[in-house]
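fold the following, please.
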Amino acid sequence: MKRLFTGLTDPGLVRTANQDSYYTDQSGRFFIVADGMGGHAGGQEASRIATDVIRNCLEHDWTSTRDSKDLLEDAVLKANLAIIEDQSSHPERADMGTTVLVVIFRDDQPMCAHIGDSRLYRLRGSRLDQITEDHTWVARAMRLGDLSPSQARVHPWRHVLSKCLGREDLKYVDVQTFDWQPNDRLLLCSDGLTEELSDHLISNHMKTIRSCDKAASALIDAAKDSGGRDNITVIVVATDS
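Reported below is the predicted structural model:
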């Protein structure tokens, strides 16, 4: 199946700088979204480093015999080390970090790796499923039954990450396979989208707009219409089937 895709990023309506970064492989082999934090310079640098290191690792080892799970884990952990090294060299960026989400189509079954709260969704027919689980305090509270989804959306700690790149205690990367069928569509996004739009609204845009280009633009426009308080990055992936 040939993959069709579009990636877009926008600073939103409040922030003067865009600390998000993304990459779409020209052949549709892999996709990356990173959402930086730690001030304008720090956040931008952290997300850039993560995207560049992971891209280079995947491109270098793509045709090797390495297991895809090991390849993904290694790429993300190398990105973490690169950010830590940059922190040491530039004390003014010592608190920088970034989320990261990577999707690869390397074997028969696609795979994703993520750290933080950038999300992967899959639209199948009229059903939108969140594939990744946020690494946040409120997500953990929801899993434990301490918060409802409606409470989590407005909780003052909803942006507190439990994991991110740029931390020496990061030893484990969440890597998982997921099912991909003809006519499925994927959405990779930073929390600038999900903070403004509910899953229901995201699903409506994905279902009613078939073009990847138009769907990506519509999602960003809708997030800005709802406030646009953060940087917004989306990658939409579909098939030509």
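
so T132: helix, strand or coil?
At T132 the chain is in coil, as set by DSSP: H, G, I helix; E, B strand; the rest coil.

list the residues that contact it.
T132 makes contact with 101, 112, 114, 118-120, 174, 176, according to C-beta atoms under 8 Å, 6 or more residues apart in numbering. For glycine as for every other residue, the C-beta is placed from the backbone atoms N, C-alpha and C.

list only those of these flagged as buried.
Among the contacts of T132, the ones that count as buried by 16 or more other C-beta atoms under 10 Å are 101, 112, 114, 118-120.

so which of the contacts of T132 belong to helices?
Of these, none are assigned to helices by DSSP state H.

number of residues surrounding V237?
24 (other C-beta atoms under 10 Å).

ok, now H60?
H60 has 11 nearby residues by other C-beta under 10 Å.

next one: I131
Counted with other C-beta under 10 Å, the neighbours of I131 add up to 20.

also the one 3 residues further on?
By other C-beta under 10 Å, the residues close to D134 number 24.

for R140, which non-adjacent residue is spatially closest?
Nearest non-adjacent residue to R140, counting by C-beta to C-beta, 6 or more residues apart in numbering: S162, 6.4 Å away.

and what of I232?
Nearest-residue entry for I232: G192, 3.8 Å, with adjacent residues in sequence omitted and distances by C-beta to C-beta, 6+ apart.

show me where this protein has strands.
3-10, 20-24, 30-37, 97-98, 100-104, 111-115, 119-124, 127-130, 174-177, 185-189, 232-239 (DSSP state E).

nearest to H200, out of the ones you listed?
Of all the strands of the chain, the one in closest proximity to H200, counting by C-beta to C-beta, is strand 127-130 (8.3 Å).

mind listing what the closest one pairs with, with the direction of each?
If you go by DSSP bridges, strand 127-130 pairs up with strand 119-124 (antiparallel).

picking that back up, between the contacts of T132, which sits nearest I131?
When those are compared for distance to I131 (C-beta to C-beta), L120 wins out at 4.3 Å.

quick one: contacts for the closest one?
Residues counted as contacts of L120 (C-beta under 8 Å, 6+ apart) are 101, 103, 112, 114, 130-132, 178, 186-188.

now swap in Q19 and tell me
So Q19 contacts 35-37, 40, 43-44, 46-47, 231 (C-beta under 8 Å, 6+ apart).

which of those count as buried?
Looks like those have 35-37, 43-44, 46-47, 231 buried, using 16+ other C-beta under 10 Å.

now those in a markdown table, with distance to M96?
Shown next, in a markdown table, are the buried ones among the contacts of Q19 (distance: C-beta to C-beta, whole Å):
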| residue | distance to M96 |
| --- | --- |
| D35 | 12 |
| G36 | 7 |
| M37 | 7 |
| G43 | 6 |
| Q44 | 9 |
| A46 | 4 |
| S47 | 9 |
| N231 | 15 |
